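Asker: I would like to see how this sequence folds:
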Amino acid sequence: MRFAVCLSLVPDPETIDVDPLTGEIDADRTLHIMDPADAAALELALRLRRDGDTVTALTVGPVEAEAVLREALAAGADSALRLWDETRTATKPAVTSLLLSAALRNEGLPDVVLCGWRSLARGSGKLPALLGEYLDWPVVADITRLEIQAARMHFHRRLARGDRSEGTVTMPAVLAIAADTLRLRYASLPRLMQAC
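Answerer: Numbering: from 1, shown residues only. Predicted coordinates:
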């Protein structure tokens, strides 16, 4: 089974410093981290992986975005791919999902694409839906639990107003994982050194 996990680099909310006089964010003091929802998606892929399965981490962004790929490799991902046009300064979810879908087709389509649900950066939740549209795959959002049974995946998800639901989706599919479901495992020092 082949898992693909979409990752993004976002500002760490703990390090955002606002100038009290101008109201401007001091970008020089802001650190960046892997989006927590993406980290949950990566951890889920690593937990679901069995012998012979592969986990590929993908990101769209400039050279700085490679930090999330190194973190993914150190945590246990098998391969990583950064997509970017150096003439750009940023992308919108529609462009990001188009780049990701093209790369997935080029690299060989996986069985499952896992994404974070509602990133810290924009929080729109558009990326999984657009990616599913470009791949012509079903999309399930706000997943809190997932189990694989042959070519089907049984999921639990959150609905509006605190309701819950469960269901089944057939592979291939795009799944958006809730940020608070899992924490990414800590990588050992040798693995961190190897990923750099």
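Asker: ranges for the helices of the chain?
Answerer: 36-48, 66-75, 93-107, 126-135, 189-195 (DSSP state H).
Asker: in the chain, which strand has the most residues?
Answerer: strand 139-149 (DSSP state E).
Asker: buried residues of that one, list them for me.
Answerer: For strand 139-149, burial by neighbour count (16 or more other CB atoms under 10 Å) applies to 139-144, 146. In short, each C-beta sits where N, CA and C put it, glycine included.
Asker: re earlier: Serialize the helices of the chain to JSON lines and add fields for distance to residue 162, mean neighbour count and mean pLDDT.
Answerer: Shown next, in JSON lines, are the helices of the chain (distance: least, CB to CB, whole Å; neighbours: other CB atoms under 10 Å; pLDDT from 0 to 100):
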{"stretch": "helix 36-48", "distance to residue 162": "19", "mean neighbour count": "23", "mean pLDDT": "91"}
{"stretch": "helix 66-75", "distance to residue 162": "31", "mean neighbour count": "22", "mean pLDDT": "92"}
{"stretch": "helix 93-107", "distance to residue 162": "26", "mean neighbour count": "17", "mean pLDDT": "89"}
{"stretch": "helix 126-135", "distance to residue 162": "21", "mean neighbour count": "21", "mean pLDDT": "91"}
{"stretch": "helix 189-195", "distance to residue 162": "38", "mean neighbour count": "12", "mean pLDDT": "70"}
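Asker: for residue 4, list each beta-bridge partner.
Answerer: residue 56, residue 113 (DSSP bridges).
Asker: got phi/psi on the residue of the chain positioned farthest from its centre?
Answerer: Note on the chain: the largest C-alpha distance from the chain mean falls to residue 21, namely 36.0 Å (CA atoms, centre = their mean). Per-residue torsions, residue 21: phi -90, psi -40 (degrees, to the nearest 10).
Asker: and the gap between it and residue 70?
Answerer: For residue 21, the distance to residue 70 (CB to CB, to the nearest Å) stands at 37 Å.
Asker: before we move on, what about residue 146?
Answerer: 26 Å.
Asker: if we can go back for a sec, for residue 181, find the nearest of the helices of the chain.
Answerer: Across the helices of the chain, residue 181 has its closest neighbour in helix 36-48 (5.2 Å, CB to CB).
Asker: so the closest one versus strand 139-149, what angle?
Answerer: Angle, helix 36-48 to strand 139-149, by axes from the mean of the first three to the mean of the last three CA atoms, to 10 degrees: 20 degrees.
Asker: for helix 36-48, packing partners?
Answerer: For helix 36-48, the packing partners by 3 or more CB pairs under 8 Å, 6 or more residues apart in numbering; DSSP states H and E come out as strand 2-7, strand 54-60, helix 66-75, strand 112-116, strand 139-149, strand 173-177.
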